[in-house]
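Colleague: following is a predicted model, sequence given first.
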Amino acid sequence: GVMAAVAAVLERLAPVTGSPWGMEYLRSRGLDRGAALGWYAIPDGDEGCGLRNAIVDAIGRPAWLASGLATVEGRYEGLWSLNWSVPRVVIPWRAPDGTVATLQGRYVGPEAEGVRKYTFPKERAPRWPYNVEAVAHAGGDTLMVATEGSVDAESFNALAFRHGVDALALGLPGVSTFPDEWLLFFARRAPLGPRGQIAMR
């Protein structure tokens, strides 16, 4: 529930469509049309601090400290954690019913030591593939594709839509974390090309 509550504040106060640098990142990846427009953007500086304060006001300090987004001890307790240094484009990973289960931040600032480019809140790794909520709306003949990460999944889906291909990509947080039950989302037959590949032109 904490992640959904944080996401609700970000959706209201920090949509990526209201961020020039956030939209520039989406354009650089060809994602400025479609589902990625529902992502969020956390700015740096005073704006980032103000957004943090709004989240704390909305969900309460205990929930904020438990969210995995904040420092939880020391002089800077309650600020964004080092892993969540901002600015970041924030990508919601949802449960099959569509509720936000966790958040992924993509750092878009200058390189900084100890700051990860992609990160999830502490102890809140994904329980489901990215885009899993779309599976229920896919047709019986829809080609299910696995990609590594949310950005690659959205890039694939944008290409599929552009070329009229009935396919849906689900993003995996990494090949080392693939629970057996996720195979159910890919249990569909699909035609393959002569080399066992699916080509998109």
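Modeller: Ah, there it is.

Colleague: averaged pLDDT, the longest helix that the chain contains. What do you get?
Modeller: Once the chain is assigned using DSSP state H, the helix that runs over the most residues is helix 45-59. Across helix 45-59, pLDDT averages out at 95.

Colleague: buried residues in it?
Modeller: Residues of helix 45-59 classed as buried: 48, 51, 52, 55, 56, 59 (neighbour count, 16 or more other Cβ atoms under 10 Å). All C-beta spots, glycine's among them, are computed from the backbone N, C-alpha and C.

Colleague: now do stretch 93-113
Modeller: If you call a residue buried by 16+ other Cβ under 10 Å, then stretch 93-113 has these buried ones: 93, 94, 95, 100, 101, 102, 103, 104, 105, 106, 107, 108.

Colleague: in a markdown table: those residues, plus secondary structure.
Modeller: Converted to a markdown table, these look like this (DSSP: H, G, I helix; E, B strand; the rest coil):
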| residue | secondary structure |
| --- | --- |
| 93 | strand |
| 94 | strand |
| 95 | coil |
| 100 | strand |
| 101 | strand |
| 102 | strand |
| 103 | strand |
| 104 | strand |
| 105 | strand |
| 106 | strand |
| 107 | strand |
| 108 | coil |
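
Colleague: and those as a markdown table, adding distance to residue 15?
Modeller: Formatted as a markdown table, the buried residues of stretch 93-113 follow (distance: Cβ to Cβ, whole Å):
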| residue | distance to residue 15 |
| --- | --- |
| 93 | 17 |
| 94 | 16 |
| 95 | 21 |
| 100 | 14 |
| 101 | 19 |
| 102 | 19 |
| 103 | 14 |
| 104 | 16 |
| 105 | 15 |
| 106 | 15 |
| 107 | 19 |
| 108 | 16 |
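
Colleague: wait, isn't residue 167 in contact with residue 160?
Modeller: Yes - proximity of residue 167 to residue 160 meets the contact threshold set by Cβ atoms under 8 Å, at 4.4 Å.

Colleague: mind pulling up the phi and psi values for residue 169?
Modeller: Dihedral angles of residue 169 (phi, psi; degrees, to the nearest 10) stand at phi -100, psi 140.

Colleague: quick one on the thing from earlier: a markdown table for the buried residues of helix 45-59, including distance to residue 129?
Modeller: Below are these laid out as a markdown table (distance: Cβ to Cβ, whole Å):
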| residue | distance to residue 129 |
| --- | --- |
| 48 | 29 |
| 51 | 28 |
| 52 | 29 |
| 55 | 26 |
| 56 | 30 |
| 59 | 26 |
